[in-house]
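S.K.: Here is my input; please provide its structure:
(one chain, ligands or ions: 2)
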Amino acid sequence: MKAYRAAILRFDPDQPPHEAAQYEPDGLLVVGPDPQGGPCDTVHAVGPYQALALQFAQVAVQPLPGQLIAPGFVDMHVHYPQIDVIGSPAPGLLPWLENYTFPEEKRFNIPEYSAQTASFFIAELLRNGVSTALTFATSHPESVKALFSAAQEKGMRIITGKCLQDRHSPDGLRDDTEQSLIDTEALIQQWHGQARLGYAITPRFAPTCSSAQLKGAGELASKYGDVWVQSHVAENADEIKWARELFPDSRSYLATYDDHGLMRQRAVYAHCIHLDEADRALMHSTGAVAAVCPTSNLFLGSGFFDYARADGAGFGYGLGSDVGGGTSFSPFHTMLAAYYVGREGAATQGLSLSPQHLWWQHTAGAARALGLEGVVGNLQVGCEADFVVIDPKATPLLARRTARANSLDELLFALIVLGDDRLIVKTHVSEKNRPYVPVSA
Ligand code: GUN
Ligand code: ZN
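M.R.: Ligands and ions are numbered 1, 2, ... in the order given. You can find the predicted model right below:
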């Protein structure tokens, strides 16, 4: 076993998100092999140092004075093959896909290109404090293998899947309906549940999938109930119009997925901006959840996720970077963008997201939405020991500002507003308790 002495942040699963944070100014985190024999280290004890020091006197303690231990961040929606399209300007989603994203994704039929990008992507997640991600690959099965292999090397919890897109996609990216479903099932059997890896059935979005492909994906979603489903919905006005033209028999764009058996627990829909109340009720009744991607929505001018109406309907959600529509891997940038999006709603509804709520959305809340509560995104006893070490004095401005914080909310807000990758001293991923140390450190 190993122990770490520092300030510790975790979340009480029984409290509402805006007041769920539990903070130990002088805490002890004790981690060690999983007593249940799981694939990685888990949290054995966590709490005030004074209360635990005697009980764990035999365990080597690493002191981290002045630093903050927090759960590793969970990115609910990101595209690993889009690293090299970050910051590509376009009037909106559809031209952005056509002019930048599809041409880049075509390159992932080359295994070496996939492998090199996958390794870079994994390193970039860890450098930014992200220890779990649900990510898109491309339509090429090679791209999935490359990412799973890179994640396994680091012992990371990664969920990904081959994009399904059998129409309205260029040569080299468009897949074949029948073969795409055969490939998906083979990848599920090969990778899902291996160590910390999980598979996600990945219809790109309804406009690029035939009804036959969506139906086949829905059948796989029903056959493999603990596999994830991921897609996009209700992001952009032109996209919605197109989806409605292609599936006129469905009640709404979102309902198209339900009509093909693709809404259930562990189904994650990115964006969910332009939903109506019936859609929100459908999210809630099916157990599907939203990946909120504020930097992407602001960059592509897609719109603003409606937090008040999501809470009113009671469906789950958490944060995603959506790189490369999204502009940053940093959870701090994503949380700040979510705050701005929440402010847009606050103008009409009087709702403003608290720093605890923002942080929860990128850790314990995201884990809950993914069906991984008690596994990742938190540091309660029994959770996998994925955590970040944060240096609140990482820059002169952060040092000056955080020294003035008079409450936990003030501290978390200062980190969210001023923070980026420089805050992350280390990201521990739990398997073999291997720390990731930035090369420059
Ligand atoms: N809709 C379909 N594909 C994509 C994608 O790659 N990014 C975003 N933001 N939306 C999509
Ligand atoms: Zn996306």
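S.K.: how about the strands in the stretch 251-400 of the chain?
M.R.: 267-271, 289-292, 317-319, 387-390 (DSSP state E, counting those that start in this stretch).
S.K.: Distance of the residue of the chain most remote from its centre relative to Leu64?
M.R.: The C-alpha centroid of the chain is most remote from Leu54, which lies 37.4 Å away (Cα atoms, centre = their mean). Plainly put, Leu54 is 20 Å away from Leu64 if you go by Cβ to Cβ, to the nearest Å. (Each C-beta comes from the backbone N, C-alpha and C, glycine too.)
S.K.: I figured Leu134 hits Val268, correct?
M.R.: Yes - judged on Cβ atoms under 8 Å, Leu134 makes contact with Val268 at a distance of 6.1 Å.
S.K.: Which of the two has more residues huddled nearby?
M.R.: Higher neighbour count among Leu134 and Val268: Leu134, with 29 against 26, using other Cβ atoms under 10 Å.
S.K.: ok, the more buried one to Phe413 distance?
M.R.: 27 Å.
S.K.: Repeat that for Gly312.
M.R.: Applying Cβ to Cβ to Gly312 and Phe413 gives a distance of 25 Å.
S.K.: Those two: which is more packed in?
M.R.: Shown here are Gly312 and Phe413; by other Cβ under 10 Å, Phe413 has more neighbours (21 against 13).
S.K.: tell me the contacts of that one?
M.R.: By Cβ atoms under 8 Å, 6 or more residues apart in numbering, the contact list for Phe413 reads Pro355.
S.K.: Just the pLDDT for it.
M.R.: pLDDT recorded at Phe413 is 98.
S.K.: Repeat that for Gly350.
M.R.: Reported pLDDT for Gly350: 61.
S.K.: tell me how far the longest helix along the chain is from the chain's mean position?
M.R.: Scanning the chain for the longest helix, with DSSP state H as the assignment, gives helix 331-349. Between the centre of helix 331-349 and the centre of its chain there are 17 Å (Cα atoms, centre = their mean, to the nearest Å).
S.K.: all helices of the stretch 151-300 of the chain, in order?
M.R.: Ranges of helices in the stretch 151-300 of the chain, per DSSP state H, counting those that start in this stretch, are 177-191, 211-223, 237-246, 253-259, 277-286, 294-299.
S.K.: would TSV of those with distance to ligand 1 and mean pLDDT be doable?
M.R.: Listed next are these as TSV, based on distance: least, Cβ to the nearest ligand atom, whole Å; pLDDT from 0 to 100:
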stretch	distance to ligand 1	mean pLDDT
helix 177-191	16	98
helix 211-223	14	99
helix 237-246	7	98
helix 253-259	12	99
helix 277-286	17	98
helix 294-299	5	98
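S.K.: can you list those in CSV and add mean neighbour count and distance to Val59?
M.R.: Putting these into CSV (neighbours: other Cβ atoms under 10 Å; distance: least, Cβ to Cβ, whole Å) gives the following:
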stretch, mean neighbour count, distance to Val59
helix 177-191, 17, 35
helix 211-223, 19, 44
helix 237-246, 16, 53
helix 253-259, 23, 48
helix 277-286, 17, 44
helix 294-299, 24, 40
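S.K.: next one: the host helix or strand of Ala45 to chain centre, how far?
M.R.: Per DSSP states H and E: Ala45 is located in strand 42-48. Averaging C-alpha coordinates over strand 42-48 and over its chain gives two centres that are 24 Å apart (Cα atoms, centre = their mean).
S.K.: Great, nothing more from me.
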